[in-house]
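J.: got a sequence here, can you build the structure:
(2 chains)
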Number of protein chains: 2
Amino acid sequence: MTDDALPSWNEGATKQAILDFVARATTPGADFVKVADRIAAFDNDGTLWSEQPLPPQFDFVFRRWGEEVKSDPSLAAIQPYKALVEHDMSFFAGVAAQDPATIETLLKAFSRSWTGSTPEQFDAEVRVWLETVKQPKFGVPYIELIYKPMLELIEYLKANEFRVFVCSGGGRDFMRTFAEEAWGIYKENVIGTAADYRYIDGQIIRAEEGLGGLDIGPGKPEHVFAQTGRLPVFAGGNADVDIELLESATFAIIVEHNDDAREFAYTSGAEKSFARAAELGWTVVSVKDDWNTVFGHIERV
Amino acid sequence: MTDDALPSWNEGATKQAILDFVARATTPGADFVKVADRIAAFDNDGTLWSEQPLPPQFDFVFRRWGEEVKSDPSLAAIQPYKALVEHDMSFFAGVAAQDPATIETLLKAFSRSWTGSTPEQFDAEVRVWLETVKQPKFGVPYIELIYKPMLELIEYLKANEFRVFVCSGGGRDFMRTFAEEAWGIYKENVIGTAADYRYIDGQIIRAEEGLGGLDIGPGKPEHVFAQTGRLPVFAGGNADVDIELLESATFAIIVEHNDDAREFAYTSGAEKSFARAAELGWTVVSVKDDWNTVFGHIERV
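T.: Just a heads-up that it's a prediction; the model follows:
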């Protein structure tokens, strides 16, 4: 144990801005935040783990859809299966662009895959994927590509009596499968895009419909409010779909992916968010300059 | 401080059943429940506070609708305002009976009252009501009619590393106004019937639609699963609308209102649930016999 709660963060303005904000929020004075209000919310893809070349959940879903096309080749004629078969990844960019037609098509495909399944069945599928599939660039399971500095930050916030939530466009139930082990936060602190479930004959069964809309853009503060009754005090993100979440917080950090040697370097899908960061004074976290370690697990007490 | 965590509960089979279950759930052995799974869920009306002659939120809502009829007398010709003006309380029994038409009518009226409002405006309205309106039988604010034994039970479960949720057919945001002070649980642990909210121009605004259906009957385990990713280990209720919640738990208690001298005596709306309690071996909590004190606040550490 060291006195430094954020050992994977280099000393400098970014780390200091985080430490200063938390100190002010927890010390009586003008910026004090009472314990009940201490909500932190983090995006997942690109904020807590690598999202290149594709957000990991896409890999999970694409494998499933690939199997479905094998069983029923007629699917290859319709989206999103067509894009998959033709390796046309541009189709999926419609998600980050918040294009309603793309999103509708994907949601329909999710329904086709999982309507009628139980949470236990879905969990088991995700676990097999987590344990067997490797990320193409690094050759390790995706779960190994969680940012150690962010895990330290989550623990640091918890130690300062923040309740930490993950709020991702990704699937709520997908993330809940590994949240407790990987992030050290309970399932109930995971907010995401969710299917509706029905309670039928003593069993929770996945319904066809979604619950509460997509957890991107304005959907992020909407979901945080629905889950917690508050907007966040501390928020973290990395992309245009996080803008509203970051705006809704008192203090915001935004991860800049600029380290191709250790992770990835890209700005695509984050152009507007960095313009907004400059306007609103969000703290920019440079993977290259602010993190001395990128990936890794931490020991929790 | 006494060694007895449940001082308002009389010694006897009921108290012992609760203590025994929690001891088994927290002691290594066949019935051990790992900490992550320790979810408790309680209904509110009739389980945590008095619901006679009407659930308190009805009083709040009726006053608001009364004012709306004053401003627009034409409303008196349509439901639910008509029932209100004519003191026809039988109309509202449709809620407990889970009648879709009655529920639809009420939801529409809720929308008419609060669509476009902010959480802060709604909170302020609830607070005025909490502080000024008195329950007719006891002549005290409704918030004084919370069952002290249940507050002790919540603290006891928390001390045993349960995360305690309230899961009520009542309004999520109505309950969240007083949850932290009254129950000692955070807003995010309050599940209820909810409106959808939109994030517009940096502000959370109540939308016309509901989010996720009514939190009664099968809606209760559905909402607990959506909020927490789990079904409850420990559940408490008192009425037919709680049956599915209680069925979904490992251990269930059901409150029997049989003490007209200190509270109310009634079985209406709970007939099926007591039949189910006998079948499934739920622990029946007799207000008359099991509680030495009915109402009151507790000191929290």
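J.: give me the nearest residue to the spatially most central residue of chain A, chain neighbours excluded.
T.: Residue closest to the average C-alpha location in chain A (Cα atoms, centre = their mean): A:Asn44, at 1.6 Å. Nearest residue to A:Asn44, sequence neighbours excluded (Cβ to Cβ, 6 or more residues apart in numbering or on different chains): A:Ser168, at 3.6 Å. Any C-beta I mention is one placed from the backbone N, CA and C, and that applies to glycine too.
J.: just confirm that neighbour is within a helix.
T.: No. A:Ser168 is assigned strand when assessed by DSSP: H, G, I helix; E, B strand; the rest coil, not a helix.
J.: contacting residues for the closest residue to A:Ser248 other than its chain neighbours?
T.: Nearest non-adjacent residue to A:Ser248, counting by Cβ to Cβ, 6+ apart: A:Pro221, 4.0 Å away. Residues in contact with A:Pro221 (Cβ atoms under 8 Å, 6 or more residues apart in numbering or on different chains) are A:231-232, A:244-245, A:247-248, B:199, B:204.
J.: now A:Trp9
T.: Taking Cβ under 8 Å, 6+ apart, we find A:Trp9 in contact with A:15, A:18, A:149, A:152-153, A:290-292.
J.: ok, A:Ser168 touching A:Ile191?
T.: Yes. Using Cβ atoms under 8 Å, A:Ser168 is in contact with A:Ile191, at 7.4 Å.
J.: what is in contact with those two at once?
T.: Counting by Cβ under 8 Å, 6+ apart, the contacts common to A:Ser168 and A:Ile191 are A:Asp215.
J.: next one: the lowest-mean-pLDDT helix or strand in chain A to chain centre, how far?
T.: The helix or strand of chain A with the poorest confidence is helix A:93-96; it has a mean of 82 (mean pLDDT, DSSP states H and E). The chain centre lies 15 Å from the centre of helix A:93-96; the measure is Cα atoms, centre = their mean, to the nearest Å.
J.: can you point out the buried residues in it?
T.: If you call a residue buried by 16 or more other Cβ atoms under 10 Å in any protein chain shown, then helix A:93-96 has these buried ones: A:94-96.
J.: ditto for stretch A:266-278
T.: Buried residues in stretch A:266-278, counted by 16+ other Cβ under 10 Å: A:269-270, A:273-274, A:276-277.
J.: kindly report the same for stretch A:150-166.
T.: For stretch A:150-166, a neighbour-count test (16+ other Cβ under 10 Å) marks A:150-158, A:160, A:162-166 as buried.
J.: ok, A:Phe162 touching A:Ile39?
T.: Yes. Using Cβ under 8 Å, A:Phe162 is in contact with A:Ile39, at 7.0 Å.
J.: got any residues that touch both of these two?
T.: A:233-234.
J.: contacting residues for A:Glu51?
T.: A:Glu51 makes contact with A:45, A:238 under the criterion Cβ under 8 Å, 6+ apart.
J.: before we move on, back to that, who's more crowded, A:Ser168 and A:Ile191?
T.: Between A:Ser168 and A:Ile191, A:Ser168 has the larger neighbour count (other Cβ atoms under 10 Å in any protein chain shown), namely 31 against 25.
J.: who does that one form a beta bridge with?
T.: Here A:Ser168 sits in beta bridges with A:Gly192, going by DSSP bridges.
J.: that one and chain B, how far apart?
T.: In this view, A:Ser168 and chain B are 14 Å apart by Cβ to the nearest Cβ, to the nearest Å.
J.: who touches that residue in this structure?
T.: A:43-45, A:175, A:191-193, A:215.
J.: could you say which helix or strand holds A:Ile298?
T.: A:Ile298 belongs to no helix or strand when elements are defined using DSSP states H and E.
J.: now it: closest residue in space that isn't a chain neighbour?
T.: A:Leu151 (4.7 Å).
J.: which ones are touching that neighbour?
T.: A:183-184, A:296-298.
J.: local confidence estimate at whatever residue of the stretch 1-150 of chain A ends up closest to chain B?
T.: Residue of the stretch 1-150 of chain A nearest chain B, by Cβ to the nearest Cβ: A:Ala36 (5.6 Å). On the pLDDT scale, A:Ala36 is placed at 98.
J.: now swap in the one 5 residues further on and tell me
T.: The confidence metric pLDDT takes the value 98 at A:Ala41.
J.: which strand or helix spans the residue nearest to it when sequence neighbours are not counted?
T.: In space, A:Ala41 comes closest to A:Pro232 once its chain neighbours are excluded; the distance is 4.1 Å by Cβ to Cβ, 6+ apart. For A:Pro232, there is no host helix or strand (DSSP H and E).
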